[in-house]
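Chemist: What follows is a predicted protein model with its sequence.
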Number of protein chains: 2
Amino acid sequence: MDGTWLDADALTRIETPTIVVDLDRVDANIARMATVMREREVALRPHAKTHKSLEFGRRQLGAGAVGLTVATVGEAEVFAEGGVDDLFIAYPLVPIGRKAERLRDVAERCTLSVGVDSRTGAEAIAAAVRGAAARPTALVEIDCGGRRSGVLPEAAGSLARLCQDLGLEVAGVFTHAGHGYAGTEARAAAADDEVAGLTLAADSLRAEGIEPAVVSAGSTPTAMLSARGAVTEERPGTYLFSDRLQAAVAGESLDGVALVVAATVVSHGTRGGFIVDSGAKILGKDVAPFLDGHGWVLGWDAAIDRVSDHHGVVELADGAARPAIGEVVFVVPNHVCPVVNLVDDYLVARRGRLVDRWPVDARGRNS
Amino acid sequence: MDGTWLDADALTRIETPTIVVDLDRVDANIARMATVMREREVALRPHAKTHKSLEFGRRQLGAGAVGLTVATVGEAEVFAEGGVDDLFIAYPLVPIGRKAERLRDVAERCTLSVGVDSRTGAEAIAAAVRGAAARPTALVEIDCGGRRSGVLPEAAGSLARLCQDLGLEVAGVFTHAGHGYAGTEARAAAADDEVAGLTLAADSLRAEGIEPAVVSAGSTPTAMLSARGAVTEERPGTYLFSDRLQAAVAGESLDGVALVVAATVVSHGTRGGFIVDSGAKILGKDVAPFLDGHGWVLGWDAAIDRVSDHHGVVELADGAARPAIGEVVFVVPNHVCPVVNLVDDYLVARRGRLVDRWPVDARGRNS
């Protein structure tokens, strides 16, 4: 334990399991992405579903982000209440009932845009905001190969036309290349897919006489690769903290990781290895074919091989060195977004000292 | 949609994604387990980490449970504050610093027992409660084959002796057969392992002159199979709601499942199938080799093939019937425990009508 994450004094003050953020590393990650996007003259609209935090959102905005991206009306409510004045709900909303009322309220509190990928969605949004003092603009979602939501790029224009006919101003098009998480090669191909799909979609809008002001791509693996050509905006989220998956896909070390789970060794079990108090209820259960296990224990060159709700099991050869029971270790999670959503607050550290505790303001805002 | 879960009126009042509990089914699950344990003359101490809820805990106690099991000091605090007077923290605690103070406080508020599987843990617990007005009893954890925490059965006696020497009264021994989740055959074998391991461990205590009052096994797959012989107590948790995994391991239909995720169809994507607003941030990411996908969509005979944070993707053949965009569907999760921990409250229904909303009182109490 070299004290990089928490010094001896801080270690006596924490209760594990908990997440610890290194503020210097976060600031470096924010600056790196902001600098690249500034150089490319591409707008940066970070996805706030990674951090769900006003403090971190403000830091991103302070570094030049044009606004924030969110996934749900509930997240938009939290950030609008917190004073963020430009939000994009990058999701094919179909707001009905109480959720329609909430969408209308948020639209009246900030500059808002929302995703659309169907006639039903467009109609529901239009109905929700009819007669409102301020209305959201629509961005048509396209599927560039991730096989999730979104229409085909060449169908973007007709859906945009429909939105306009329903009284929704269309700001542009967006996509998410989820297939870019599949590995280093997939990442580069997915970035090409984003640029190609968005170019087609933008042209499809122009064919309907609609000039897309926003042509938006979004994912941390592809952000720095697709910020070119027709693309005017990037929406990476995970870059803020990074994690094992991002580092692996980018071919980088774990040195850029800014968030770890602090865990106490609670058992040596009956074989080699050890067991920590961080299981699936803080590490989540994200896995990837190119990663072993459920997290990486820093300083012990070992993955967490198995997790149950409150146990993380590290299997080592019989007799191999292991931490003492009661010792605190730091675990890099596979995927950081679900980890943040499983806790109520961040322990914020700088050079090993605890400097603050920030709430996960939008934790659990699924709807 | 046959209205089994929510009737037309209730459907207009919910905001998806959300979890819905059918109270009749819950009551049936509670009664079934309580009846079996009563017939076997085995104490039932349900694991509350499944529901994290005072309301559900009280129902279990009302049906004859001797107390509740929890996994963390934080969960114990919630249930002790809520008036539950007999709790077992079935975890190898190593309480240090503030957590030691919290353990001491809980021990003074209710009848408490705690897990021990190491000298360090025993020493930390003994130190935490030294001089307290009321002290917890210790249960020695054994590994009966799950390869998680716990000592070898034959080593239980010497650890129990050590606990006594440190001033901790030993109530008995406990185990968790995590390997019983691996399938129907594994389930039966794991139940045998529980009985065999606990029998050995109890004898090991007796050889040290310590009569184990509690010989406790615990998991839903094995509970009804290992409630025999030396076993005096069972600690199943998931049986309360059941889920896809439990039904599969028990070889049962989904008719006993009492909790579903209500999801809205938000997109038809660009191929066959559909996309719902319930992804990993409500369904979790538990998978099993003998289950396809990440949840089962009732009424559509389809699994959720892929999840990202807020999308659940159901792939169907091109042209196959699918629900309309905007329609609400009900999804049986693979593993219910993480689902409950991802939401703030339960929508409680009976015969399709919404009757209440209960908080997930101990959500996120990881430490």
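Modeler: That came through fine.

Chemist: CA atoms for contacts and neighbours, from now on please.
Modeler: Noted.

Chemist: so what's the nearest residue to A:V336 once chain neighbours are set aside scoring on pLDDT?
Modeler: Spatial nearest neighbour of A:V336, excluding adjacent residues (CA to CA, 6 or more residues apart in numbering or on different chains): A:D243 at 5.8 Å. A:D243 is assigned 98 on the pLDDT scale.

Chemist: phi, psi of A:D243?
Modeler: phi -170, psi -180 (degrees, to the nearest 10).

Chemist: Hmm, A:V332 and it touching each other?
Modeler: Yes: counting by CA atoms under 8 Å, A:D243 sits close enough to A:V332 to count as a contact (6.4 Å).

Chemist: which residues are common contacts for those two?
Modeler: Residues touching both A:D243 and A:V332 by CA atoms under 8 Å, 6 or more residues apart in numbering or on different chains: A:V257, A:L259.

Chemist: quick one on the thing from earlier: so what's the residue nearest to A:V336 up against?
Modeler: Contacts of A:D243 (CA under 8 Å, 6+ apart): A:L254, A:V257, A:L259, A:V332, A:P333, A:N334, A:H335, A:V336.

Chemist: Now with 6 Å, please.
Modeler: A:V257, A:P333, A:N334, A:H335, A:V336 (CA atoms under 6 Å, 6 or more residues apart in numbering or on different chains).

Chemist: Which of those fall within helices?
Modeler: A:V336 (DSSP state H).

Chemist: so which of the contacts of A:D243 comes closest to B:A132?
Modeler: Proximity of those to B:A132 (CA to CA) peaks at A:P333, which lies at 38.0 Å.

Chemist: what's the nearest residue to the closest one if we skip its chain neighbours?
Modeler: A:G295 is the one closest to A:P333 (CA to CA, 6+ apart), at 4.5 Å.

Chemist: Was I right to think that neighbour contacts A:N334?
Modeler: Yes: using CA atoms under 6 Å, A:G295 is in contact with A:N334, at 5.2 Å.

Chemist: the more surrounded of these two?
Modeler: Per other CA atoms under 10 Å in any protein chain shown, whichever of A:G295 and A:N334 has more neighbours is A:G295, with 33 against 27.

Chemist: so how far is A:S226 from that one?
Modeler: Using CA to CA, to the nearest Å, we find A:G295 at a distance of 29 Å from A:S226.

Chemist: And A:A10, by the same measure?
Modeler: 41 Å.

Chemist: which one of these two has more residues nearby?
Modeler: Shown here are A:A10 and A:S226; by other CA under 10 Å, A:S226 has more neighbours (26 against 15).

Chemist: Next up, the contacts around the more buried one.
Modeler: A:A191, A:V195 are the contacts of A:S226 under CA under 6 Å, 6+ apart.

Chemist: What ranges in chain A fall below the confidence cut-off?
Modeler: A:1-3 (pLDDT under 70).

Chemist: List, one by one, the residues from it near chain B.
Modeler: A:T16, A:P17, A:V94, A:S149, A:G150, A:V151, A:V266, A:S267, A:G269, A:T270, A:K285, A:S367 (CA under 6 Å from any CA of the partner chain).

Chemist: Out of those, which two sit at the greatest distance?
Modeler: A:V151 and A:T270, at 53.8 Å, using CA to CA across the residues of chain A next to chain B.

Chemist: between these two, who's got more neighbours?
Modeler: More neighbours surround A:V151 than the other of A:V151 and A:T270, with 25 against 18 (other CA under 10 Å).

Chemist: what's the neighbour count on the closest residue to that one other than its chain neighbours?
Modeler: Spatially, and ignoring its direct neighbours in sequence, A:V151 is nearest to A:I142 (4.6 Å; CA to CA, 6+ apart). When counting by other CA under 10 Å, one arrives at 32 neighbours for A:I142.
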